Every structure is written in structure tokens, then in C-alpha cells.
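1. Predicted model follows, preceded by the sequence.
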Amino acid sequence: MSGSFLGDAFGGRGGHNGAGWPMSNILDAMEQLRTQFEQKTGGTPRMNKGDVRSAVLSLLLEQPMHGYQIIREIEERSNGTWKPSPGSVYPTLQLLTDEGLVRAEESGGRKTYSLTEEGRAAAGDETTERSAAPWETAGSRDSGRMTALPKAGVELAQAAAQVARTGDKEQVAQAVEILEEARRKLYSILAQS
């Protein structure tokens with residue numbers, strides 16, 4: 001693929017700023033989708049204040065874990081819709097330790113956290129007060145509207161950008177056809193209702 005073709009398409013060489021080239025419009029739309037997704041969700045749904053605490057207690061009720069194991073477990077159980085940051089999990093673990101609900105044991109260079117008897121009672125109380133685990137409510141809060149669909153759009157934009165950067169003229173033309181067909185199919189979903 002010639003560098004001038006892609007350069008022209010992305011406003012580089014030739015000074016055309018991609019005007020009239022279908023891929024540039026598609027990439028602009030994908031970039032807008034990605035930006036909206038990141039602004040609205042920060043990549044993950046917003047959780048209530050006590051959700052990290054409840055999630056940590058619920059997980060430790062099952063078995064002792066280290067901090068990153070807790071983060072991975074929450075992400076896995078929420079099907080990727082919620083991944084708390086280390087900056088929220090580790091302070092929560094410290095607070096629970098200070099409250100006497102959790103104890104930390106150093107093993108193999110890692111701290112493994114487990115519930116104390118008081119922690120087991122507190123975790124049991126929280127579990128009975130809630131109708132669902134915090135990671136279950138993360139996915140149900142938006143039903144995929146603010147997570148799954150924009151995430152899929154971002155991944156599609158990344159694939160389209162990769163084809164635009166490295167594909168030859170024929171591959172780019174094929175990608176444009178596929179994306180235009182995808183757009184038509186998405187609008188047809190709305191037309192069905």
C-alpha cells in the first residue's frame with residue numbers, strides 16, 4: 001500500500017484531510033464512540049461507595065486471597081464490566097485490617113488476606129442484607145448499554161485502524177465494505193422495533 005494513499009486519508013500527505021474517503025469518516029465515528037465510552041464509564045461502570053468493601057468481604061468469605069487475586073476475581077465474576085483499581089482495593093483491605101475484620105499474612109513476598117471471626121460475621125451480615133453480589137449488579141446496571149456495546153465498537157475501531165495503517169488498497173476497500181455493511185445491520189436492528 002502506498003504511503004501517500006494512507007497519508008492523504010488521515011490528513012497527512014497531499015493535504016486532503018481525508019475528505020471524501022469513507023474510511024476517515026468511519027474512523028472519526030469510531031473515535032467519537034471510544035471517547036464517549038471513556039467519558040461516561042471511565043472504562044468500567046461506576047459502583048456504589050460500599051461495593052468494593054462488600055466485594056472484598058464476599059470473596060474473602062470464600063477463601064483467603066491476595067489483592068490482585070481479588071481484583072481479577074471481581075473482574076471475572078462481573079464478566080469484565082467491573083475491575084476495581086488497586087487504589088481502591090488495597091486501601092479497603094487496609095481499612096478492614098484496621099477494623100479487625102481482616103488479617104494479612106506475608107507468604108512468598110505477597111500478603112494474603114483472610115477474614116477474622118469478626119470479619120466472617122460482618123461478611124455474613126452484608127451477604128444477607130444484599131440481594132446480589134456487587135459484581136452481579138455491575139453488569140445489570142447498564143445491561144451492556146454502557147459497557148459491552150461501546151467496548152465492541154472500540155475494538156472494531158482498533159481493527160479498522162490497523163487495516164488502515166498496514167493494509168494494501170484492496171484490503172482497505174474490503175474493510176470499508178464490511179464496516180458499511182455492519183452500519184446498515186446496526187440500523188436495521190433499530191428499524192425492527
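-> Thanks, I have the structure now. Residues are numbered from 1 along each chain as shown.
2. Show me where this protein has its strands.
-> 65-66, 102-107, 110-115 (DSSP state E).
3. which one of the ones you listed lies closest to Gln94?
-> strand 102-107 (8.8 Å; Cβ to Cβ). (Each C-beta comes from the backbone N, C-alpha and C, glycine too.)
4. I'd like to check the angle between the closest one and strand 110-115, please.
-> Going by axes from the mean of the first three to the mean of the last three Cα atoms, to 10 degrees, strand 102-107 is angled at 150 degrees with respect to strand 110-115.
5. Check which helices and strands strand 102-107 sits against.
-> helix 86-98, strand 110-115 (3 or more Cβ pairs under 8 Å, 6 or more residues apart in numbering; DSSP states H and E).
6. mind redoing it with 6 Å?
-> strand 110-115 (3 or more Cβ pairs under 6 Å, 6 or more residues apart in numbering; DSSP states H and E).
7. Now mean neighbour count too, for the strands of the chain, in JSON lines please.
-> Shown next, in JSON lines, are the strands of the chain (neighbours: other Cβ atoms under 10 Å):
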{"stretch": "strand 65-66", "mean neighbour count": "18"}
{"stretch": "strand 102-107", "mean neighbour count": "14"}
{"stretch": "strand 110-115", "mean neighbour count": "18"}
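8. Out of these, the one nearest Asp168 is which?
-> strand 65-66 (47.9 Å).
9. Identify the neighbouring strands of that closest one in the sheet and state each direction.
-> Counting by DSSP bridges, the strands paired with strand 65-66 are strand 110-115 (antiparallel).
10. List the contacts of the partner strand.
-> Strand 110-115 is contacted by residues Leu60, Pro64, His66, Leu93, Val102, Arg103, Ala104, Glu105 when judged by Cβ atoms under 6 Å, 6 or more residues apart in numbering.
11. ok, these vs Thr166, which is closest?
-> Nearest member of the contacts of strand 110-115 to Thr166, counting by Cβ to Cβ, is His66, at 39.9 Å.
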